[in-house]
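>>> Any chance you can model this:
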Amino acid sequence: MKVKTLACLCALAAIPAFGNVAMESGNTFGVLKVTCSAQKVIIATPWVECLTAGNVKVTDLVMTSGLETGDAILVHQTGNIFNCWTISGGEWTPATVVLTNAVINSGDASSAAIARGKAFWFVKASYSEPYDLYLYGQDTTAGANSTVTGGSSGAPAYSLVASPKTTAANLNSGVTFDFTPNAADEIHLPRPNLPDLVYTYKASELGWGTLTSEQIPGTTRYKKVWTKGCEIPAGTGFWYVSKGGSGTITW
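Next comes the predicted model:
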């Protein structure tokens, strides 16, 4: 996914009934352009709700302009249960979509909200070429938390997580884990038409990195090489697959 931020400053002025005293407050509103290269993508929530600064409603976050009937938003609840809304008549409406091993519980599009630090699925009704999503809301410098549910090696737990930043985030710096990830925990970053990019945690390096196979010189054998580094693109969500780790990620 490619991301472009278009931000504008909107000054809201109010003149109260106290004679010649004026008060002014400034709110920075932003539009994040996310270019998607797959029919199903995980989208981050970078903004808060305009004016109230509360959790933004997902159906307000994604602009309907340019979308087509049947385009869908899915918000993960728990297990295999999702809330879902689709475009109908140019508006977001509760709907049912077909997803493998998923249970759809639509909910009310007018009140559903999602916090920064979480993510949602966007599913294009028909896909043949890259398309743009525009995420709208109020900018904030406040921190955000992502909750990771603990699992086990026999029953991994999947948490849908997203960086709230409008620039790329590095999970090895500038981000705080209030727990120590399990060595078997994984981060799965979906990629268009490719297998997920998988990051694993190495305690001795106190960080996340990727495992690749390299041929041992002079032999036909291969060895696993772990390279530190874990960058999450802006506007992109990922799955945290826990096989023991649980707690909060603070962005």
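>>> In contact with the closest residue to residue 228 other than its chain neighbours, which residues?
Sequence neighbours aside, residue 209 is the residue nearest to residue 228 in space, at 4.1 Å (criterion: CB to CB, 6 or more residues apart in numbering). (C-beta placed from N, C-alpha, C; glycine too.) Contact analysis of residue 209 by CB atoms under 8 Å, 6 or more residues apart in numbering lists 199, 200, 202, 226, 227, 228, 229, 230.
>>> Strands of the stretch 151-251 of the chain, start to end?
Assigned by DSSP state E, counting those that start in this stretch, the stretch 151-251 of the chain shows strands spanning 157-162, 169-170, 176-177, 186-191, 194-202, 207-215, 222-228, 231-232, 237-242, 247-250.
>>> Mind listing the strands the fifth one pairs with, and their directions?
So the one you mean is strand 194-202. Counting by DSSP bridges, the strands paired with strand 194-202 are strand 186-191 (antiparallel), strand 207-215 (antiparallel).
>>> Just say which of the ones you listed is most tucked in.
Ranked by mean neighbour count under mean count of other CB atoms under 10 Å, those are led by strand 186-191, which reaches a mean of 17.
>>> So what angle separates the directions of that one and strand 237-242?
Angle, strand 186-191 to strand 237-242, by axes from the mean of the first three to the mean of the last three CA atoms, to 10 degrees: 160 degrees.
>>> Residues touching strand 186-191, excluding its own?
Contacts of strand 186-191 (CB under 8 Å, 6+ apart): 38, 41-42, 171, 196-200, 208, 230, 232, 236, 238-241, 243.
>>> Quick one: mean pLDDT for that strand?
Averaged across strand 186-191, the pLDDT comes to 90.
>>> where in the stretch 101-250 of the chain is pLDDT low?
Residue ranges of the stretch 101-250 of the chain with pLDDT under 70: 101-103, 105-111.
>>> Quickly list what the closest residue to residue 227 other than its chain neighbours is bridged to.
Nearest in space to residue 227, with sequence neighbours left out and distances taken as CB to CB, 6+ apart, is residue 209 at 5.1 Å. Using DSSP bridges, the bridge partners assigned to residue 209 are residue 200, residue 228.
>>> Against residue 55, how distant is residue 209?
The spacing between residue 209 and residue 55, counted by CB to CB, to the nearest Å, is 33 Å.
>>> Same check on residue 79?
22 Å.
>>> likewise residue 131?
26 Å.
>>> which SS class is residue 60?
helix (DSSP: H, G, I helix; E, B strand; the rest coil).
>>> and it, how many neighbours?
Applying other CB atoms under 10 Å, we find 19 residues neighbouring residue 60.
>>> what does residue 221 give?
7.
>>> What sits closest to it if chain neighbours are left out?
residue 215 (7.3 Å).
>>> do residue 184 as well
Going by CB to CB, 6+ apart, residue 184 has residue 243 as its nearest residue, at 4.0 Å.
>>> That neighbour: what's it in contact with?
The contact partners of residue 243, by CB under 8 Å, 6+ apart, come to 151, 152, 153, 156, 182, 184, 185, 186.
>>> Report the separation between the first one and residue 33.
So that's residue 151. Relative to residue 33, residue 151 is positioned 35 Å away (CB to CB).
>>> Need phi/psi at residue 142.
phi -70, psi 150 (degrees, to the nearest 10).
>>> buried ones in stretch 170-189?
By 16 or more other CB atoms under 10 Å, the buried positions in stretch 170-189 come out as 171, 172, 175, 177, 181, 182, 184, 185, 186, 187, 188, 189.
>>> Make JSON lines from the strands paired with strand 194-202 and add distance to residue 112 to it.
Below are the strands paired with strand 194-202 laid out as JSON lines (distance: least, CB to CB, whole Å):
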{"stretch": "strand 186-191", "distance to residue 112": "23"}
{"stretch": "strand 207-215", "distance to residue 112": "31"}
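>>> Just want the most central residue of the chain.
residue 44 (2.5 Å; CA atoms, centre = their mean).
>>> is it in a bridge, and if so with what?
Bridge pairing for residue 44 - DSSP bridges - gives residue 119.
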